[in-house]
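Colleague: Any chance you can model this:
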Amino acid sequence: MQENSPQHLNQSTQQSGHGDQVDGTLKGEAILRAARAFVQGDAAAHTDGHDWPHIERVTALAVELAHRMGADPFICELAALLHDVPDEKLNESLEAGMAKLNAWLDTQPLEAGTREAVVHITSSISYAGGQRPAVSSLEAQVVQDADRLDALGAIGIARTFAFAGARGREMYDPALPPREQMTREEYRNGRSTTINHFYEKLFKLKDLMNTSYGKELAEQRHDFMMQFVEQFKREWEGRFS
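Modeller: Below is the predicted model:
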């Protein structure tokens with residue numbers, strides 16, 4: 001996926017009030033470029049589906065949703081770029097991840113309200129076993145939808161198996177049913193399978209989308225995943241029709 005063009009960056013920063021000049025460069029554009037460089041380095045260590053291409057896809061979706069839904073495009077783009085930095089499953093802890101994020105934010109000339117919005121989004125959009133309350137701001141809804149859309153469809157299937165393989169999780173065990181109720185800790189660390197993950201999380205996302213366009217895209221990707229799991233089970237069981 002190609003980087004956003006300078007024209008696109010200018011549109012996002014100007015429309016959202018981040019068009020001040022700093023050393024001849026739009027302040028918002030400079031912050032987005034710095035975020036991209038920072039996240040590319042941070043994501044380079046991840047081979048479990050939380051890599052730089054994932055960030056690019058989520059960011060592109062967030063920008064598109066922001067423009068369609070009337071959200072602040074700069075906040076959505078910046079939060080989408082940074083959304084995996086504090087993720088607790090990619091760090092020693094959520095606190096360690098947030099400390100890393102805040103250390104980078106300290107280096108940027110962000111207005112207090114913008115920084116607060118980005119921190120709120122990145123700390124609240126994770127699924128976390130479905131235990132978190134619904135997000136309230138439009139920008140958080142946009143970035144959450146963008147991130148969840150990348151967990152659906154063909155890409156979602158590929159990322160699910162990449163993550164499971166990296167964590168040593170087995171593909172399928174018919175004797176181990178999907179978990180209906182679980183704590184956040186059980187969701188993170190309890191025994192499950194890759195196919196069970198579709199039932200425990202991915203098949204639920206369609207009904208948890210926030211925006212109208214997000215819901216539309218989720219429907220298509222959800223149907224594709226349903227077909228995949230049905231075909232997977234037919235082949236696993238040795239059925240020929």
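Colleague: Show me where the chain has its strands.
Modeller: 21-22, 25-26 (DSSP state E).
Colleague: and those, which one is worst for confidence?
Modeller: Across those, strand 21-22 has the smallest mean pLDDT, namely a mean of 48.
Colleague: how far away is Met209 from Ala60?
Modeller: 17 Å (C-beta to C-beta, to the nearest Å). Every residue, glycine included, has its C-beta placed from N, CA and C.
Colleague: Kindly report the same for Gly153.
Modeller: Distance of Gly153 to Ala60, computed by C-beta to C-beta: 15 Å.
Colleague: swap in Leu90?
Modeller: 21 Å.
Colleague: Let me know how buried the closest residue to Phe198 other than its chain neighbours is, in neighbour terms.
Modeller: Spatially, and ignoring its direct neighbours in sequence, Phe198 is nearest to Val229 (5.4 Å; C-beta to C-beta, 6 or more residues apart in numbering). Neighbour count for Val229, taken as other C-beta atoms under 10 Å: 16.
Colleague: Then Gly168?
Modeller: If we define neighbours as other C-beta under 10 Å, then Gly168 has 6 of them.
Colleague: can you pull the contacts of Glu200?
Modeller: 178-179, 182, 187, 192 (C-beta atoms under 8 Å, 6 or more residues apart in numbering).
Colleague: again, only using 10 Å
Modeller: Counting by C-beta atoms under 10 Å, 6 or more residues apart in numbering, Glu200 touches 127, 129-130, 178-180, 182, 187, 190, 192-193.
Colleague: Of the residues you listed, just the buried ones, PyMOL syntax please.
Modeller: The buried residues among the contacts of Glu200 can be selected in PyMOL (16 or more other C-beta atoms under 10 Å) with this line:
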select buried, resi 127+129+182+187+192+193
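Colleague: out of the contacts of Glu200, which one sits closest to Asp147?
Modeller: Closest to Asp147 out of these is Tyr127 (8.8 Å), distances taken as C-beta to C-beta.
Colleague: pLDDT score for the closest one?
Modeller: Taking Tyr127 on its own, its pLDDT is 88.
Colleague: Give me the phi and psi for it.
Modeller: For Tyr127, the backbone dihedrals (degrees, to the nearest 10) come out as phi -70, psi -50.
Colleague: quick one: the residue nearest to it when sequence neighbours are not counted from Ile195, how far?
Modeller: Spatial nearest neighbour of Tyr127, excluding adjacent residues (C-beta to C-beta, 6+ apart): Lys201 at 6.0 Å. Distance of Lys201 to Ile195, computed by C-beta to C-beta: 12 Å.
Colleague: Leaving out sequence neighbours, find the closest residue to the residue most central in space within the chain.
Modeller: Nearest to the geometric centre of the chain sits Asp147, at 2.8 Å (C-alpha atoms, centre = their mean). Distances taken as C-beta to C-beta, 6+ apart put Val58 closest to Asp147, at 5.2 Å, once the chain neighbours are dropped.
Colleague: Please list all residues in contact with that neighbour.
Modeller: Neighbour list for Val58: 79-81, 83-84, 143, 145-151 [criterion: C-beta under 10 Å, 6+ apart].
Colleague: Equivalent analysis for Asn91, please.
Modeller: The neighbourhood of Asn91, defined by C-beta under 10 Å, 6+ apart, consists of 42, 84-85, 97-101.
Colleague: any low-confidence regions in the protein?
Modeller: 1-25, 129, 131 (pLDDT under 70).
Colleague: quick one, helices of it?
Modeller: 6-15, 27-43, 52-69, 73-82, 94-105, 112-124, 138-149, 153-166, 184-189, 194-200, 212-236 (DSSP state H).
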